[in-house]
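Trainee: mind looking at a prediction? Sequence and model below.
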Amino acid sequence: MLENSPKPIIAIANQKGGVGKTTVAINLAAGMATRGRRILLVDLDIQGSASSILCHPTDTSRERSTGDIASCLLEGRPIADAIATTTQHGLDLAKAGPRMASVDLHLATAPAREHALTRALNHPVISSYDLVILDTSPYLGLLTINAIVACSHIIVPVTCEFLPMLGLKLLRETLAFAKEQFHANAEILGYILTMVDRRERITDEVDAMLRETFGTKVFDGGIRVNTHHKASPSHHQTIYQYEPKGGKGRQDFDQLCDEVERRLSLREVRSKEKP
């Protein structure tokens, strides 16, 4: 976590792929932005999914960045060079970049390799944001370790299946290791159920198991199965841009935003929502 900085930095992490990390990262960021906050989303996924969704290749109407987060981590380039505006008002993005898949390999021999992201985030431009959200890769490599070391809190998306539940132990062990070895200060803010379908018995079983294991660390709400979450990325839009007000996707993320605000004791900020 950044030294002497109370700014919340939230990593969305789970070593299991396909649990909705990018969906949660993008739409939590967008939801917070609609509430009048200035948000930076950092794309640390080797697939660069958030960058592909939020950076439409044919859109020339917004400010473009000249760098990417891979260059910041590998070359020490200022993170300001990687930040681009998006069409979601209040939401900026630090793009992944084409070299993201090789960052782990190149960092392996770098000094203080676990603190590369922390160094990148120690830049004056970060102070202009109210909240930083990190979208991580679906494995516990150096990129995810960097996110854990740099962040103040972790949100763990969990699908309503048994296998993702079994993998949570590894994430907790990795967090404990990062605290011991790299002086990480991150705490798990909460577990969020994704792809929730109450018609399936397994949903209630996993929900009950998660709450029995982690208690109040589990968010009250969940992210329901919603075709709009599948469709909005192809339109390069967040759920707040793609789905009309009152839609269940927006409802679910509004509830998540409410809970995150309460858990972080964030002061209420509201402004007129813009497209």
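Mentor: Alright, I've got the coordinates. Keep in mind that this is a model prediction, so the values were computed, not measured. Residues are numbered from 1 along each chain as shown.
Trainee: quick one: contacts for D252?
Mentor: Contacts here follow Cβ atoms under 8 Å, 6 or more residues apart in numbering; on that basis D252 touches 221-224, 226. C-betas here are computed from N, CA, C, even on glycine.
Trainee: what residues sit buried inside the host helix or strand of it?
Mentor: Per DSSP states H and E: D252 is located in helix 248-264. In terms of neighbour count (16 or more other Cβ atoms under 10 Å), helix 248-264 has its buried residues at 249-257, 259-261, 263.
Trainee: check stretch 83-100 too.
Mentor: Neighbour-count burial for stretch 83-100 flags 83-97, 99-100 (criterion: 16+ other Cβ under 10 Å).
Trainee: out of these, list just those in helices.
Mentor: The members of these all map outside helices under DSSP state H.
Trainee: follow-up on the earlier one: quick one: mean pLDDT for the helix holding D252?
Mentor: In this model, helix 248-264 carries a mean pLDDT of 96.
Trainee: kindly format the C-alpha coordinates of that helix as PDB.
Mentor: Extracted in PDB, the C-alpha atoms of helix 248-264 (Å, rounded to 0.1, in the frame of the first residue of the first chain):
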ATOM      1  CA  LYS A 248     -31.000  -5.500 -12.400                       C
ATOM      2  CA  GLY A 249     -27.300  -5.200 -13.400                       C
ATOM      3  CA  ARG A 250     -27.300  -1.500 -12.200                       C
ATOM      4  CA  GLN A 251     -29.300  -2.500  -9.100                       C
ATOM      5  CA  ASP A 252     -26.700  -5.100  -8.100                       C
ATOM      6  CA  PHE A 253     -23.700  -2.800  -8.600                       C
ATOM      7  CA  ASP A 254     -25.500   0.100  -6.900                       C
ATOM      8  CA  GLN A 255     -25.900  -2.200  -3.800                       C
ATOM      9  CA  LEU A 256     -22.200  -3.200  -4.000                       C
ATOM     10  CA  CYS A 257     -21.200   0.400  -4.200                       C
ATOM     11  CA  ASP A 258     -23.400   1.100  -1.200                       C
ATOM     12  CA  GLU A 259     -21.700  -1.600   0.800                       C
ATOM     13  CA  VAL A 260     -18.200  -0.600  -0.300                       C
ATOM     14  CA  GLU A 261     -18.900   3.000   0.800                       C
ATOM     15  CA  ARG A 262     -20.000   1.800   4.200                       C
ATOM     16  CA  ARG A 263     -17.100  -0.600   4.700                       C
ATOM     17  CA  LEU A 264     -14.600   2.100   3.700                       C
END
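Trainee: and that helix, how far from the chain's centre?
Mentor: 14 Å (Cα atoms, centre = their mean, to the nearest Å).
Trainee: and what of stretch 76-94?
Mentor: That offset, for stretch 76-94, works out to 14 Å (Cα atoms, centre = their mean).
Trainee: quote the end-to-end distance of that stretch.
Mentor: Distance across stretch 76-94, first residue to last, is 14 Å (Cα to Cα, to the nearest Å).
Trainee: for the protein, longest strand please?
Mentor: The residue-count maximum for a strand in the chain (DSSP state E) belongs to strand 187-196.
Trainee: who are the packing partners of the helix or strand encompassing A176?
Mentor: Element membership for A176 (DSSP H and E) is helix 168-182. Counting contacts by 3 or more Cβ pairs under 8 Å, 6 or more residues apart in numbering; DSSP states H and E, helix 168-182 is packed against helix 142-150, strand 153-159, strand 187-196.
Trainee: need the winner for burial among these.
Mentor: Most buried of the helices and strands packed on helix 168-182, by mean neighbour count (mean count of other Cβ atoms under 10 Å): helix 142-150, with a mean of 25.
Trainee: what mean pLDDT does it have?
Mentor: 95.
Trainee: who are the packing partners of it?
Mentor: strand 9-12, helix 103-107, helix 116-121, helix 168-182.
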